[in-house]
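Visitor: Just to be clear, the model below is a prediction. Sequence and coordinates:
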Amino acid sequence: MHFTQHTSNANKEKHCDEGIHLTLKVPTSPYPFWESHRYYGYAASIKKRVKHTLVNTFASTVFSDKKTALPFSLSGQYRLTIETDIPGQGITAIFGPSGSGKTTLLRCLAGLECVPNSKVQFKGSVWQSPSQFIPPNKRPIGMVFQEPSLFSHLTVEENLRYAIKRAKPFPSHGSATPNSEINKNVINKKTLVELLGIEHLLNHNTKVLSGGERQRVAMARTLLTQPQLLLMDEPLSALDAARKQEVLPYLERLKEELNIPVVYVSHSVEEVSRLADHLMVIENGECTAAGSIHTLPLSPSVHFQSESQQAVIIDAFLSERDTQYGLIKADFPGGHLWVKDSGNALHSPQRLQIQAKDVSIALTEPSNTSVLNRLPVVITEIRSSSNAMATLVLTIGNDDNHSTQLLAQVTKRSVDNLGLQTGMPVWAMIKSIAIAR
Ligand SMILES: Nc1ncnc2c1ncn2[C@@H]1O[C@H](COP(=O)(O)OP(=O)(O)OP(=O)(O)O)[C@@H](O)[C@H]1O
């Protein structure tokens, strides 16, 4: 049996001229004392009494309850060091453990952190450079946070109208794209109300809405300000599991229908798998991997899913309905799968998530089996996972431009018993019920 060694090469996102460029070096404590008091316990008590910068610097050092968190000029420590490009379309998920720097990145993009010597450029517009800083209110962004902040004295309709009044063409800051071009893609209220399913709520006071409804209204309100970039910071994390499942399909619809780039911070594998087109993994303030959601999780060095959760994400297209048995056929490059019909329209896109543990292998085409999906594949890689297990990378389809990859988790004993080797044609079996959408 032969196992390939894991490599730690982080996938680099292809440079995208039309996207967002970030060069960020965010010091552990870049703020003058009166700002940083929030983070340094004792220092807060004397906030009001000291104003002079030198005194403040001294105070934040001496009174800090985090002794390592010195002002940036002294400590040389950074909570985020990143040089990367984010695509200018689709949803880019910023994924990483708590405290890794995801929100800091989003705040830099929004202009809520003014970091010296950093660069933020959006589609040709310079938002921040060593000589320039565009404040948050002048950036064409919309932000959605964990807790939706709606006006509680206004109805849903009035909240939306407020956003429409605030919508204005943003200055282009040297952008290569003229405003007339940018504003062609105006998002109207009717479309949004329909997409987010909030028509029946328009006359309700925001106080009576459920968490999921509030978040949907907050999204509509943000989008009605006509942002060119949507920043979402864990928008579902304050919702319970049931509310999360209620809101996720609306986010999927927004993604399909609106042509607006989104930077989506999350540490939920489920949200990222369902929504993201691109993935950026942040660990300890550094970007450790970036790339397409379809290929990045295939890389063994990417800390996205735990070993037991390893999965591939396939963007398929619904082509045929089996009404008798409640199944629908999902086509993708190189093959197709029959999955449970959840009522989605034919000829619409459908994202599938297939866990490696749900894929099994046979040497010949299996017959007399209940497993509906039997795909001819080629083993392109065999990786050693844990002691007993191996992960197989499988390719469906012969043509490089028309193929899809799958992962299968099998025991090392099966690898040996079946004599599995790289390059070998085998059959992959996947139960319809195991395919998540
Ligand atoms: N204004 C600040 N000054 C100094 N340190 C900060 C500041 N804001 C955040 N930090 C620290 O920077 C690190 C990254 O924080 P950040 O909020 O960006 O992480 P995160 O990945 O978004 O975490 P979470 O998922 O828990 O929200 C943390 O160690 C945090 O304590």
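Guide: Perfect, thanks for sending it.
Visitor: Using neighbour counts, pick out the buried residues of the lengthiest helix in the chain.
Guide: Taking DSSP state H as the criterion, the chain has its longest helix at helix 241-257. Within helix 241-257, the residues scored as buried using 16 or more other CB atoms under 10 Å are 243-244, 246-248, 250-252, 254-255. Every residue, glycine included, has its C-beta placed from N, CA and C.
Visitor: do the same with stretch 401-415
Guide: 403-410, 412, 415.
Visitor: Assess the claim that R351 and D315 are in contact.
Guide: Yes - at 5.6 Å, R351 counts as touching D315 under the criterion of CB atoms under 8 Å.
Visitor: The two: which is more packed in?
Guide: Taking other CB atoms under 10 Å, R351 and D315 do not tie; R351 has more neighbours (19 against 15).
Visitor: any idea which element the more buried one lies in?
Guide: According to DSSP states H and E, R351 maps onto strand 349-355.
Visitor: contact partners of that strand?
Guide: Strand 349-355 is contacted from outside by 252, 256, 273-274, 309-318, 328, 330, 332, 337, 339, 344, 406-407, 430, 434-437, using CB atoms under 8 Å, 6 or more residues apart in numbering.
Visitor: Which of these are buried? Put it as a ChimeraX command.
Guide: In ChimeraX syntax, the buried subset of the contacts of strand 349-355 is picked out as below (16+ other CB under 10 Å):
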select :252,273,274,310,311,312,313,314,316,318,328,330,332,337,339,406,407,430,435,436
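Visitor: just the contacts of strand 349-355 that are near the ligand?
Guide: Among those, not one lies near the ligand by CB under 6 Å from any ligand atom.
Visitor: ranges for the helices of this structure?
Guide: Using DSSP H, the helices of the chain run over residues 33-36, 53-62, 72-75, 102-110, 156-166, 179-182, 189-195, 211-223, 241-257, 269-275, 412-418.
Visitor: which stretches of the stretch 151-300 of the chain have low pLDDT?
Guide: Scanning the stretch 151-300 of the chain for pLDDT under 70 picks out 168-186.
Visitor: Need the phi and psi values for the residue of it found nearest the ligand.
Guide: As assessed by CB to the nearest ligand atom, the ligand sits closest to H267 within the stretch 151-300 of the chain, at 5.4 Å. Geometry field for H267 lists phi and psi as phi -120, psi 20, criterion degrees, to the nearest 10.
Visitor: Quick check: the gap between it and G99.
Guide: H267 is 10 Å from G99, where distance means CB to CB, to the nearest Å.
Visitor: So between those two, which is more surrounded?
Guide: Applying other CB under 10 Å to H267 and G99 shows that H267 carries more neighbours, namely 17 against 11.
Visitor: Touching, that one and D233? I think so.
Guide: No - applying CB under 8 Å as the test, H267 and D233 come out as separate, 11.2 Å apart.
Visitor: which residues are in contact with both of those two?
Guide: Both H267 and D233 are in contact with K102, where contact means CB under 8 Å, 6+ apart.
Visitor: Can you tell me, leaving aside adjacent residues, what's nearest to G111?
Guide: Once flanking residues are discounted, G111 sits nearest to P136: 4.0 Å by CB to CB, 6 or more residues apart in numbering.
Visitor: Number of residues surrounding that neighbour?
Guide: 15.
Visitor: and it, what is it in contact with?
Guide: Counting by CB under 8 Å, 6+ apart, P136 has contacts 110-112.
Visitor: Just put the residues you listed in TSV and tack on distance to P148.
Guide: Below are the contacts of P136 laid out as TSV (distance: CB to CB, whole Å):
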residue	distance to P148
A110	17
G111	21
L112	18
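Visitor: Show the average pLDDT along the strand holding R351.
Guide: Mean pLDDT, strand 349-355: 91.
Visitor: buried ones in it?
Guide: Neighbour counts over strand 349-355 (16+ other CB under 10 Å) mark 350-355 as buried.
Visitor: Just want the angle from it to helix 241-257.
Guide: Strand 349-355 runs at 130 degrees relative to helix 241-257, counting by axes from the mean of the first three to the mean of the last three CA atoms, to 10 degrees.
Visitor: Tabulate the CA atom coordinates of strand 349-355 in PDB.
Guide: The C-alpha trace of strand 349-355 is given here as PDB (Å, rounded to 0.1, in the frame of the first residue of the first chain):
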ATOM      1  CA  PRO A 349     -28.500  25.100  -9.500                       C
ATOM      2  CA  GLN A 350     -28.100  22.900  -6.500                       C
ATOM      3  CA  ARG A 351     -25.100  22.700  -4.200                       C
ATOM      4  CA  LEU A 352     -24.300  19.200  -2.900                       C
ATOM      5  CA  GLN A 353     -22.200  18.200   0.000                       C
ATOM      6  CA  ILE A 354     -20.800  14.700   0.100                       C
ATOM      7  CA  GLN A 355     -19.000  13.500   3.200                       C
END
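Visitor: which residues touch stretch 423-437?
Guide: Stretch 423-437 is contacted from outside by 327, 337-340, 342, 350-355, 358-366, 369-380, 394, 396, 406, 408, 418, 420, using CB under 8 Å, 6+ apart.
Visitor: I'd like to know which of those residues are buried.
Guide: Neighbour-count burial within these applies to 327, 337-339, 350-355, 358-361, 373, 375, 377-380, 394, 396, 406, 408, 420; the criterion is 16+ other CB under 10 Å.
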